[in-house]
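> have a look at this fold, sequence not included:
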């Protein structure tokens, strides 16, 4: 019996030794992985550090990711005797390739201010970057043809961002937008890797069926705007998923909708909060228009944000008109192109209304429509801060990551022609929107 006990003890000791070996091997593997990551990062920035000015660097005072684009602005002290001929922000890859980003600048009293923010949804398209490492640099050409590159220091309150490209053929790229330093040289880097699947909480697009709950929207007889656009949203979600996109609905009618959902859009499960938390690139809000005056002709209206490129909005309007056999709206107010509108908040600053009292500091160039404004963060001037008790608080109003937003008025519910077409021709409207997304964002391109 004693010998048997000794064998058991040795077996336990042997098992314990195996566990120690496994733990040791795991620890070594983790150290190797961490070391490898650090080494790769160091060797990556080291490959282009020789072209960067070692004793001077710029400061980024603002940087945003809006939709699919990255933009920055900042300044740098320049004491060169030679006059500046050209200033460009560039994305420099470790292989030496250089992507030029359109840049505006002003130089006065040895301080050069620069910005790529001509339009919030243009310039550095994150969807078009190769799978490699890039570094965002300031490139200055002087009159004697001397060219210098300057690295950039983060002088904002915002940190690193993980961006996932739109799903194409079941695949995505992850772009780690990060700030760091190498030998005391600050840098803004973009580390791009392939991923096979989006994280559970990350979406490509958000579809927002307008209104809901006690807010039916516009009504014509038994037809309610909130019901019609919900049907459209569900159909559109299915079509977009058919081409491979991951889509979130801000409401889907699967549960009884809160009678007060119109007032809790900023709550935990509110439409604005859900959209902001989705990490999606684009939000489309579906609506039906209405007019107090009886009309015979209606038409489609696409509302986009100010200070943005309108190419996608124009494509949406054109495809809906052509594929759904409808018309452009004849409304001229806020019109930028056929079927495309940009409406901003207009404030009479001499009036002391409750609106101006509650939202001091807002300005006239931000979107009038809350769904495009409040899901764009600082890029669109989101401002609902809880001061007005009727609207709650947008916890993402100060975010530097925003969704590119469009509000689609499919037609006028009080136009018999529009309403009939919308009710009977849903598949064509949905096809038009899906085709626009597929074409513009190159979702199914080989």
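Received, thanks. Just so it is clear, the model here is predicted, and its values are computed rather than measured.
> so which bits of stretch 155-173 are buried?
Using 16 or more other Cβ atoms under 10 Å as the test for burial, stretch 155-173 gives 156, 158, 161, 163, 164, 165, 166, 167, 168, 172, 173. Where you see a C-beta, it was placed from the backbone N, CA and C, and this is true even at glycine.
> can you tell me which of those is nearest residue 400?
Nearest to residue 400, judged by Cβ to Cβ, of the buried residues of stretch 155-173 is residue 158 at 4.7 Å.
> contact partners for residue 445?
By Cβ atoms under 8 Å, 6 or more residues apart in numbering, the contact set of residue 445 is residue 168.
> distance check, it against residue 173.
Look at residue 445 and residue 173: by Cβ to Cβ, to the nearest Å, they are 15 Å apart.
> which stretches of the stretch 201-350 of the chain have low pLDDT?
Residue ranges of the stretch 201-350 of the chain with pLDDT under 70: 255-263, 293-294, 347-350.
> what helix or strand is residue 240 on?
Using DSSP states H and E, residue 240 sits in helix 225-242.
> how distant is the helix or strand just after that helix from the center of its chain?
Following helix 225-242 in sequence order, the next helix or strand is strand 247-249 (DSSP H and E). Put simply, strand 247-249 sits 15 Å off its chain's centre (Cα atoms, centre = their mean, to the nearest Å).
> sheet partners, orientation included, of strand 247-249?
Strand pairing for strand 247-249, determined by DSSP bridges: strand 205-209 (parallel).
> got the buried residues for the strand it pairs with?
Neighbour-count burial for strand 205-209 flags 205, 206, 207, 208, 209 (criterion: 16+ other Cβ under 10 Å).
> now swap in stretch 392-402 and tell me
Neighbour counts over stretch 392-402 (16+ other Cβ under 10 Å) mark 392, 394, 395, 396, 397, 399, 400, 401, 402 as buried.
> what's that stretch in contact with?
Stretch 392-402 is contacted by residues 62-67, 156, 158, 161, 263-267, 270, 272-273, 276-277, 279, 374-380, 382-386 when judged by Cβ under 8 Å, 6+ apart.
> buried among the residues you listed? Make that a ChimeraX selection.
The buried residues among the contacts of stretch 392-402 can be selected in ChimeraX (16+ other Cβ under 10 Å) with this line:
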select :62,63,64,65,66,67,156,158,161,263,264,265,266,267,270,272,273,276,277,279,374,375,376,377,378,379,380,382,383,384
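> give me the subset of the contacts of stretch 392-402 lying in helices.
272, 273, 276, 277 (DSSP state H).
> and the first one, what does it touch?
In other words, residue 272. 265, 266, 370, 371, 374, 375, 394, 396.
> of the residues you listed, just say which sits nearest to residue 435.
Nearest to residue 435 among the contacts of residue 272: residue 371, at 22.8 Å, using Cβ to Cβ.
> one step back: biggest separation within the buried residues of stretch 155-173, which pair?
156 and 168 (31.0 Å).
> residue contacts, residue 326?
Neighbouring residues of residue 326 by Cβ under 8 Å, 6+ apart: 299, 300, 320, 411, 418, 421, 429.
> related to what we said a few turns ago, reformat the contacts of residue 272 as a markdown table; add distance to residue 251.
Putting the contacts of residue 272 into a markdown table (distance: Cβ to Cβ, whole Å) gives the following:
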| residue | distance to residue 251 |
| --- | --- |
| 265 | 10 |
| 266 | 14 |
| 370 | 16 |
| 371 | 12 |
| 374 | 16 |
| 375 | 15 |
| 394 | 18 |
| 396 | 18 |
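> let me see the contact set for the residue sitting nearest the centre point of the chain.
Geometric centre of the chain, nearest residue: residue 67, 2.8 Å, by Cα atoms, centre = their mean. For residue 67, the contact set (Cβ under 8 Å, 6+ apart) comprises 120, 121, 281, 282, 402, 403, 404.
> 6 Å instead, please
Counting by Cβ atoms under 6 Å, 6 or more residues apart in numbering, residue 67 makes contact with 121, 281, 404.
> now it: how far from residue 420?
Per Cβ to Cβ, residue 67 is found 34 Å from residue 420.
> do the same with residue 135
For residue 135, the distance to residue 420 (Cβ to Cβ) stands at 56 Å.
> so the two - more neighbours on which side?
residue 135 (24 against 11; other Cβ atoms under 10 Å).
> which parts of stretch 92-100 are buried?
Buried positions in stretch 92-100, judged by neighbour count with 16+ other Cβ under 10 Å: 92, 93, 94, 99.
> for the stretch 1-150 of the chain, which residues score under the pLDDT cut-off?
1-16, 18, 27-43.
> re the thing from before, weed out the non-buried ones from the contacts of residue 326.
Counted by 16+ other Cβ under 10 Å, these give 299, 300, 320, 411, 418, 421, 429 as buried.
> could you confirm the third one falls within a helix?
Yes. When classified by DSSP: H, G, I helix; E, B strand; the rest coil, residue 320 is found to be part of a helix.
> with adjacent residues omitted, what lies nearest to it?
Using Cβ to Cβ, 6 or more residues apart in numbering and skipping residues adjacent in sequence, the residue nearest residue 320 is residue 432, 4.4 Å away.
> rewinding a little: which one of the ones in helices among the contacts of stretch 392-402 is nearest to residue 220?
For the ones in helices among the contacts of stretch 392-402, the nearest to residue 220 is residue 272 (27.4 Å; Cβ to Cβ).
> report the separation between that closest one and residue 390.
Applying Cβ to Cβ to residue 272 and residue 390 gives a distance of 14 Å.
> same check, this time on residue 325
Separation of residue 325 from residue 390 (Cβ to Cβ) stands at 40 Å.
> more neighbours: which of those two?
Neighbours were tallied for residue 325 and for residue 390 using other Cβ under 10 Å; the higher tally belongs to residue 325 (12 against 7).
> hang on, the more buried one in a helix?
No. Residue 325: not assigned to a helix; according to three-state DSSP it is coil.
> how near is the closest residue to residue 394 other than its chain neighbours to residue 24?
Using Cβ to Cβ, 6+ apart and skipping the chain neighbours, the partner closest in space to residue 394 is residue 384 (4.3 Å). The spacing between residue 384 and residue 24, counted by Cβ to Cβ, is 54 Å.
> for residue 143, same thing?
Counting by Cβ to Cβ, the gap from residue 143 to residue 24 is 62 Å.
> what does residue 210 give?
Distance from residue 210 to residue 24, counting by Cβ to Cβ: 59 Å.
> residue 267 too?
Separation of residue 267 from residue 24 (Cβ to Cβ): 49 Å.
> what's the answer for residue 241, then?
Residue 241 is 46 Å from residue 24, by Cβ to Cβ.
> which of those two has more residues huddled nearby?
Using other Cβ under 10 Å as the criterion, residue 241 and residue 24 rank with residue 241 on top: 13 against 10.
> which non-adjacent residue is nearest that one?
residue 247 (5.9 Å).
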